[in-house]
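Chemist: Next input, structure requested:
(2 chains)
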Amino acid sequence: DTGVSQNPRHKITKRGQNVTFRCDPISEHNRLYWYRQTLGQGPEFLTYFQNEAQLEKSRLLSDRFSAERPKGSFSTLEIQRTEQGDSAMYLCASSLADMNTGELFFGEGSRLTVL
Amino acid sequence: SQQGEEDPQALSIQEGENATMNCSYKTSINNLQWYRQNSGRGLVHLILIRSNEREKHSGRLRVTLDTSKKSSSLLITASRAADTASYFCATDGGNFGNEKLTFGTGTRLTIIP
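Modeler: Residues are numbered from 1 along each chain as shown, chains lettered A, B, ... in the order given. As a prediction, this is how the structure comes out:
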């Protein structure tokens, strides 16, 4: 499968614990995005990378959230000291910066439940 | 925050009928895209329309854009059960359409066999 891969698909954790999600983009894609989606809502932008550079971060990305893309390939999203309000689906997407179609390719998401 | 709002929030139609969803957005855009999301899955890109275009077709999909009204519509003709999904519009201000995308709240479409 050459699509965007996210792991784990589901994570249940207790409040206050740290969690980390991983995203493996399509191999030739230089852009990688993180979005968060709660039930019944559209995805909300968190951050995006071009290669290893983090180009933009949303105000939604509090200091408990950190995202990295150390070698411009896979990315991790870490949430420290989780809160119940962090429960959501975390979506990763990738693209080529100069793709004329503008299409983002999404993974299946990582669903986080904070108890 | 959500840039766009889709209307209606939910839509149920009989298989074979046409489905129309609308999207309104708040700020100027360069591109508008539509995505589909099956329950509990990731999003799939359907179509992109640029701000200088008024209408675009792809298979059974027809998208219109009215920048003066800051609105777009997605028409799915001859609907099928497999079209059951949530549909989101997404906007951005970049040149290629894949800078930061801001999504709407979505329309949940149910096709009744």
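
Chemist: Let me know the secondary structure of residue 82.
Modeler: I'll assume chain A. Under DSSP: H, G, I helix; E, B strand; the rest coil, the three-state class of residue A:82 is coil.

Chemist: if you could check chain B rather than the one you did, that'd help
Modeler: Applying three-state DSSP: residue B:82 is helix.

Chemist: now it, nearest residue through space, not along the chain?
Modeler: residue B:111 (7.8 Å; C-beta to C-beta, 6 or more residues apart in numbering or on different chains). For glycine as for every other residue, the C-beta is placed from the backbone atoms N, C-alpha and C.

Chemist: Contact partners for the one you found?
Modeler: When contacts are counted by C-beta atoms under 8 Å, 6 or more residues apart in numbering or on different chains, residue B:111 touches B:12-15, B:19, B:79-84.

Chemist: Output the helix or strand harbouring it as CSV, nothing but the C-alphas.
Modeler: Per DSSP states H and E, residue B:111 falls inside strand B:107-112. Taking C-alpha atoms only, strand B:107-112 is exported to CSV below (Å, rounded to 0.1, in the frame of the first residue of the first chain):
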residue,chain,number,x,y,z
THR,B,107,-23.0,17.7,4.9
ARG,B,108,-24.0,14.2,5.8
LEU,B,109,-25.5,12.5,2.7
THR,B,110,-27.6,9.3,3.0
ILE,B,111,-28.7,7.6,-0.2
ILE,B,112,-31.7,5.3,0.4
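
Chemist: what's the burial count for the residue in chain A that chain B sits nearest to?
Modeler: Using C-beta to the nearest C-beta, the single residue of chain A nearest to chain B is residue A:102, 2.1 Å away. Neighbours of residue A:102 under the rule other C-beta atoms under 10 Å in any protein chain shown: 25.

Chemist: Read off the pLDDT value for it.
Modeler: pLDDT, residue A:102: 76.

Chemist: how much space between it and residue A:53?
Modeler: 20 Å (C-beta to C-beta, to the nearest Å).

Chemist: Write out the residues of chain B neighbouring chain A.
Modeler: B:1-2, B:4, B:31, B:33, B:35, B:40-45, B:48, B:88, B:90, B:92, B:96-106 (C-beta under 8 Å from any C-beta of the partner chain).
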